[in-house]
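>>> sequence plus the predicted model coming up.
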Amino acid sequence: MTEQPLNDPAAGGGCPVAHGAGDLTRLFGPGTESDQAGIYERLRKEHGSVAPVLLEGDVPAWLVLGYRDARRVLDNPRQFSRDARTWRDWQEGRIEETSPLIPMLGWRPDCVSQDGEAHRRLRGAVNDGLLAASSRGVKRHATFFANQLIGSFADVGRADLVSEYTEYLPMLVLTRILGLPAAEGRRLAESSILVLKGGEDALVHNGRIMEILTELAERKSVEPGSDFTSALLAHPAGLDLDEVVSHLRLVLIAGYNTTSNLLARVLQLVLTDTARLSGLVSGQLNITAVMEQAMWDTPPLAVLPGRFAASDTELGGHQVQEGDLLVLGLTAGNVDPEIRPDPTVSVQGNQSHLAFSAGPHECPGQNIGQSIIEVAVDVLLHRLVGLRLAVPAEELSSTASTWESRLDSLPVEFAI
């Protein structure tokens with residue numbers, strides 16, 4: 001199976017706190033797309049480090065805003081499970097099968113959806129597969145595709161680095177890693193973005209991704225190669241076809257969205273600060289320092305789905321009930337005043353951010369993503385002479401969904 005079937009929705013609320021739905025803040029909806037930071041600040045003032053919220057479709061959840069509370073949740077899977085089959089609102093039939101949250105929260109036979117020994121078995125296969133993939137020329141693939149994309153606009157003198165570069169480069173590299181034809185890259189990039197964006201199209205695009213990946217796994221089972229898909233199929237852990245496809249989906253969606261989003265934010269930092277730009281071009285500044293700043297200030301996932309309370313407990317001064325859904329505010333946690341009282345102070349050399357989660361479910365492919373970004377920035381700066389932002393920095397805008405905030409565009413000019 002590709003995901004756990006859901007029960008028919010039943011009447012009733014399912015709210016984790018004793019408030020009416022009208023009293024809770026909606027994290028997704030009209031008016032919230034561009035002011036997530038303001039929402040987090042207000043929630044922190046009103047509720048402290050943990051706040052009751054409504055997700056898309058008025059699904060209740062606890063949003064963890066505090067850094068220390070987030071680490072407690074992420075580091076303790078026995079207390080806060082990743083297994084969505086324990087989600088009380090799902091068990092009691094309050095979550096519709098067509099909910100756009102299901103692609104992000106629904107149970108699947110992958111390592112992210114399970115804890116304990118089941119998680120260790122599957123995570124081991126993923127780690128081994130990604131390790132093998134990272135040794136087979138990730139930087140070479142990134143260099144090839146970066147030059148190919150830049151070549152499509154290098155003679156024009158201007159470009160939108162989001163729509164013409166950052167939205168496609170990571171997916172093109174991932175097609176090589178997974179063993180897909182590069183021609184699938186643009187279609188998969190579009191679908192992966194829309195799965196995280198939510199809305200009525202999320203399930204449709206999730207289905208499109210699953211169809212492509214199922215065909216890939218079936219083909220590689222009879223025609224294996226030196227790719228991540230073949231490595232999963234041949235791994236001693238003995239993954240079945242559903243487990244293989246689910247992990248291909250996990251790596252594709254998580255790897256693509258986090259890398260493309262972080263790449264855009266890194267370039268935004270570089271192009272809105274002449275000192276950073278000149279430092280990188282001259283070699284006096286390392287791109288790792290810029291990535292660290294971006295991972296603290298604008299992590300690629302603003303909100304991480306999801307954890308489920310294994311028993312009644314207290315968190316951030318609130319009583320959380322068994323089966324309640326918790327989502328982790330990674331952006332909010334990274335600017336928690338208790339651990340970062342002055343967000344303007346440099347965080348260079350500090351890697352304790354929440355950008356890649358933490359604990360046993362910490363992102364296994366972060367090194368691959370960072371390698372792609374290093375190459376992408378390096379090739380861009382050395383191919384395009386006189387690269388500069390084409391609009392005032394304050395005109396750059398972002399659009400937020402439940403899970404992320406994406407830079408809308410990054411218009412640049414350069415010498416021909």
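Sure thing, it's come through.

>>> quick one, strands of the stretch 251-400 of the chain?
Assignment of strands within the stretch 251-400 of the chain using DSSP state E, counting those that start in this stretch yields the ranges 303-309, 313-315, 318-320, 325-329, 388-389, 398-400.

>>> mind checking how far the first one is from the chain centre?
Strand 303-309 has its average C-alpha position 13 Å from the chain's average C-alpha position, going by Cα atoms, centre = their mean, to the nearest Å.

>>> which helices and strands does that strand pack with?
The helices and strands touching strand 303-309, judged by 3 or more Cβ pairs under 8 Å, 6 or more residues apart in numbering; DSSP states H and E, are strand 80-81, helix 102-105, strand 325-329, helix 330-334. (Glycine included, C-beta is placed from N, CA and C.)

>>> now H47: how far from L250?
Counting by Cβ to Cβ, to the nearest Å, the separation of H47 from L250 is 32 Å.

>>> swap that for S397, sorry
In terms of Cβ to Cβ, S397 sits 30 Å off from L250.

>>> when the two are compared, which one has more neighbours?
When S397 and L250 are compared for neighbours, L250 comes out ahead with 19 against 10, by other Cβ atoms under 10 Å.

>>> quick one, phi psi at V385?
Torsion angles at V385 (phi, psi; degrees, to the nearest 10) stand at phi -80, psi 140.

>>> so what's it closest to, chain neighbours aside?
Excluding the flanking residues, the one nearest V385 by Cβ to Cβ, 6 or more residues apart in numbering is A415, at 4.5 Å.

>>> who touches that neighbour in this structure?
Each residue near A415 by Cβ atoms under 8 Å, 6 or more residues apart in numbering is listed here: 157, 384-386.

>>> among the strands of the stretch 251-400 of the chain, show me which one is buried the most.
Comparing the strands of the stretch 251-400 of the chain by mean neighbour count (mean count of other Cβ atoms under 10 Å), strand 325-329 ranks first with a mean of 26.

>>> and it, how far from the chain's centre?
Remark: strand 325-329 is offset 14 Å from the chain centroid, using Cα atoms, centre = their mean.

>>> direction included, what does it pair up with?
Partner strands and pairing direction for strand 325-329 (DSSP bridges) are strand 59-64 (parallel), strand 303-309 (antiparallel).

>>> one step back: among the contacts of A415, who's most crowded?
Using other Cβ under 10 Å as the neighbour test, the contacts of A415 are led by L384, with 20 neighbours.

>>> beyond the helix or strand of the chain with the lowest mean pLDDT, next helix or strand please.
Every helix and strand in the chain was compared by mean pLDDT, DSSP states H and E; the lowest is strand 25-26, with a mean of 85. Reading on from strand 25-26 to the C-terminus, the next helix or strand found by DSSP states H and E is helix 36-47.

>>> extract the CA atoms of that following helix and return them as CSV.
Provided in CSV are the C-alpha atoms of helix 36-47 (Å, rounded to 0.1, in the frame of the first residue of the first chain):
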residue,chain,number,x,y,z
GLN,A,36,4.0,33.5,9.0
ALA,A,37,6.7,35.3,11.1
GLY,A,38,4.1,37.6,12.5
ILE,A,39,1.8,34.7,13.3
TYR,A,40,4.6,32.9,15.2
GLU,A,41,5.4,36.0,17.2
ARG,A,42,1.8,36.5,18.2
LEU,A,43,1.2,32.9,19.1
ARG,A,44,4.4,32.9,21.3
LYS,A,45,3.1,36.0,23.1
GLU,A,46,-0.4,34.5,23.6
HIS,A,47,0.5,30.9,24.4
